[in-house]
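> got a structure for you, letters missing:
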């Protein structure tokens, strides 16, 4: 390149740099990539995020295929590459994205955000033999281009696109779900969030009750104030009162300092009490008083502390049954149950299982440093995911995908044989085993469906009949067959 042409190029860069804010985002990317690809005579010029998704391409090019192997290598090692001929590189020539080419010269510049975190790459290649390989000057020009327009390519572009992608992938306030029952829950959250009503969440362990509670908080008037979560079953019963209401110094053995409780920490915000069915009766009474009077008394203190908070509670137990057994105060239930949301088990959510599986496997692959396209589940693998009982619900699925991601390196397909489950439930819990007959599996699935529908609708048969599209005699017959009664969980 002559000095005159080089100066003309630099003058054009300066002009674009001073006027690029006047362009629309899409037009800006396309113009910049078109300029670069034309300047260094590239066959392919792409802006790619760290998930190997093409965000923008030069409008002067038709070719959008690129080497995933080279891109992944650059991202994994956080190193930009200038490759003369990928076909002759020992560690690259056998890669699927390279083996089919006669010639492939590549420039791959890794892009970072303000915190120096990898966000993607600028990828260019030549695969026409007559063009020859990229020179070191081409590489330096590309680096200069990236440095010049870093604020456009990275800070203003990739980050915004990434935020949009995350919002889309994470669904509703971080809750992923497209099935009808989840859409109903999203509607209920939107309905109750702006109010000051207490909310009670009912559902099996691992169904995402804390996520729902947090979504309600985020969409409430208290969103800028604290969200405090407590799992009542995870704290020793003798310490739970102190944990909730706080204590004075010396109130009991080990209380060496004065400490605020969760009710005080959640002042003006939201307090989420998970597994509230585990509370001792005397503590239930104190919580009831705290809700009625909006005040608490720390352990070992004579002072009364005023609190203003919204309470969201949850239980995997059937609280109505606990009330009938004398284990839970009905007065407290009336206080916490201003608005009830029932969370379905994972096995009731149909193809949401596949959405969640793809989300978690991608998430953990990225966390483990595997910058690869999201893996693909075979048809049999999907069938296995859909037919499994998921006694641990979303938490169990999350564990399976994390375990799988550790062993997942180069392959792009996950087969049914690679899916490993660890069922722990009771003897009547269906398992993904070869010795389970089709009839037995179908009956077990029918039993679980009817039982969950009865629980969700508080054993009101008219609602169950409508939801399951059946008749009263058929429902009664099935309930008798499977031994479904109100005291059965």
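Happy to help now that I have it. Since the model is a prediction, treat every value here as computed from it, not as a measurement. Numbers count the residues shown, from 1 in each chain.

> Does residue 196 touch residue 310 like I think?
Yes. Assessed by Cβ atoms under 8 Å, residue 196 is found in contact with residue 310 at 6.1 Å. Every residue, glycine included, has its C-beta placed from N, CA and C.

> more crowded one of these two?
residue 310 (23 against 12; other Cβ atoms under 10 Å).

> Who does the closest residue in space to that one that isn't next to it in sequence form a beta bridge with?
Spatial nearest neighbour of residue 310, chain neighbours left out: residue 270 (4.8 Å); criterion: Cβ to Cβ, 6 or more residues apart in numbering. Legend: beta-bridge partners of residue 270 under DSSP bridges are residue 227, residue 310.

> where's residue 270 relative to residue 309, distance?
7 Å (Cβ to Cβ, to the nearest Å).

> In terms of pLDDT, where does residue 91 sit?
On the pLDDT scale, residue 91 is placed at 68.

> Please apply the same query to residue 67.
Residue 67 is given a pLDDT of 84.

> Residue 107 is in contact with that one, correct?
No. Residue 67 lies out of contact with residue 107 (Cβ under 8 Å); the separation is 11.4 Å.

> residues shared between the contacts of these two?
residue 125 (Cβ atoms under 8 Å, 6 or more residues apart in numbering).

> From residue 32, how far out is residue 148?
In terms of Cβ to Cβ, residue 148 sits 9 Å off from residue 32.

> More neighbours: which of these two?
A count of neighbours by other Cβ under 10 Å puts residue 32 above the other of residue 148 and residue 32, at 25 against 16.

> I figured that one was touching residue 146, is that so?
No. Applying Cβ under 8 Å as the test, residue 32 and residue 146 come out as separate, 10.1 Å apart.

> Do a quick rundown of the helices in the stretch 101-250 of the chain.
Ranges of helices in the stretch 101-250 of the chain, per DSSP state H, counting those that start in this stretch, are 136-148, 150, 159-170, 180-192, 209-218, 237-245.

> distance of residue 74 from residue 110?
5 Å.

> what helix or strand does residue 60 sit in?
Using DSSP states H and E, residue 60 sits within no helix or strand.

> Tell me the confidence at it?
71.

> Spell out the secondary structure type for the nearest residue to it once chain neighbours are set aside.
Spatial nearest neighbour of residue 60, chain neighbours left out: residue 34 (5.0 Å); criterion: Cβ to Cβ, 6+ apart. Following DSSP: H, G, I helix; E, B strand; the rest coil, we place residue 34 in the helix state.

> Just list the residues touching residue 34, thanks.
45, 58-60.

> picking up where we left off before, pull up the overlap in contacts between residue 148 and residue 32.
By Cβ under 8 Å, 6+ apart, no residue touches both residue 148 and residue 32.

> which residues of the stretch 251-400 of the chain fall in strands?
270-274, 295-296, 305-306, 310-315, 339-342, 376-377 (DSSP state E, counting those that start in this stretch).

> Neighbouring strands - and their directions - for the third one?
Here strand 305-306 is paired, per DSSP bridges, with strand 295-296 (antiparallel).

> average pLDDT across the strand it pairs with?
94.

> before we move on, what about stretch 386-399?
pLDDT averaged over stretch 386-399 gives 93.

> Okay, buried residues for it please.
388-394, 396-398 (16 or more other Cβ atoms under 10 Å).

> so which pair among the residues you listed is furthest apart in space?
Farthest-apart pair in these is 389 and 398; separation 15.8 Å (Cβ to Cβ).

> quick check: domain ranges of this protein?
Domain ranges of the chain: 3-167, 180-342, 346-482, per automatic domain parsing.

> correct me, but the residue nearest to residue 310 touches residue 224?
No. Using Cβ under 8 Å, residue 270 is not in contact with residue 224, being 11.2 Å away.
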